[in-house]
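Asker: I'll drop the sequence and a predicted model, then ask my questions.
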Amino acid sequence: MFNQEFAYFHDNGWEETSELRLVRQVNERTNLSYLNSLEFQDRNNYFSNLQLFTVHRKINEKWSRDFRLGAIYSSQNGGQADRYFSQLNFYQKVHEDWVFFAVSPELYYDRENAWKSAYALNFRFDVYFSE
């Protein structure tokens, strides 16, 4: 699937995002996906690129998990990587198919931190509105 978006924000100016997402179903409960996202912000005058590999596994009707490996690049650094990361997301369906609770431990390596490892633990509610 290919998606392209143009936007203007008063504080940030013009933005453009192009995304290519490829998904392959391995079996009834497991999907593999690849995302390549390229974003340009006029205010910063450089491109940033996200490359993300994901293995999504449905555990049961209420729980699923994602394992993600990714890298973020920018033209500001001559196209070199700014960050590498690995992330494990656990999702619990809270209400029907539109409210979820997520727990996401992440290990990442930033160029600004001399490639030393750092970690994060995020808790969030995701709410999806669509038809």
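Answerer: Everything's here; your move. Numbers count the residues shown, from 1 in each chain.
Asker: tell me what the residue nearest the centre of the chain is bridged to.
Answerer: Central residue of the chain (C-alpha atoms, centre = their mean): L52, 6.7 Å from the mean position. Judged by DSSP bridges, the bridge partners of L52 are L35, G70.
Asker: which residues are in contact with R65?
Answerer: Counting by C-beta atoms under 8 Å, 6 or more residues apart in numbering, R65 touches H56, R57, I59, L88, N89, F90, Y91. Every residue, glycine included, has its C-beta placed from N, CA and C.
Asker: doesn't the fourth one lie inside a strand?
Answerer: When you say that, I think you mean L88. Yes: using DSSP: H, G, I helix; E, B strand; the rest coil, the assignment for L88 is a strand.
Asker: just checking, what packs against the lowest-mean-pLDDT helix or strand in the chain?
Answerer: Here the helix or strand of the chain ranked lowest by mean pLDDT, DSSP states H and E is strand 2-9, holding a mean of 90. The contact analysis (3 or more C-beta pairs under 8 Å, 6 or more residues apart in numbering; DSSP states H and E) places strand 2-9 against strand 13-25.
Asker: that older thread, identify the residues contacting the residue nearest to the centre of the chain.
Answerer: S33, Y34, L35, N36, S37, R68, L69, G70.
Asker: tell me which two of those sit farthest apart.
Answerer: Spatially, the most separated pair among the contacts of L52 is S37 and L69, at 14.8 Å (C-beta to C-beta).
Asker: neighbour-wise, which of the two wins?
Answerer: Taking other C-beta atoms under 10 Å, S37 and L69 do not tie; S37 has more neighbours (17 against 13).
Asker: how near is W14 to S37?
Answerer: Look at W14 and S37: by C-beta to C-beta, to the nearest Å, they are 17 Å apart.
Asker: oops, could you answer that again for T54 instead?
Answerer: 13 Å.
Asker: same thing with L20?
Answerer: 8 Å.
Asker: now F125
Answerer: Distance of F125 to S37, given as C-beta to C-beta: 24 Å.
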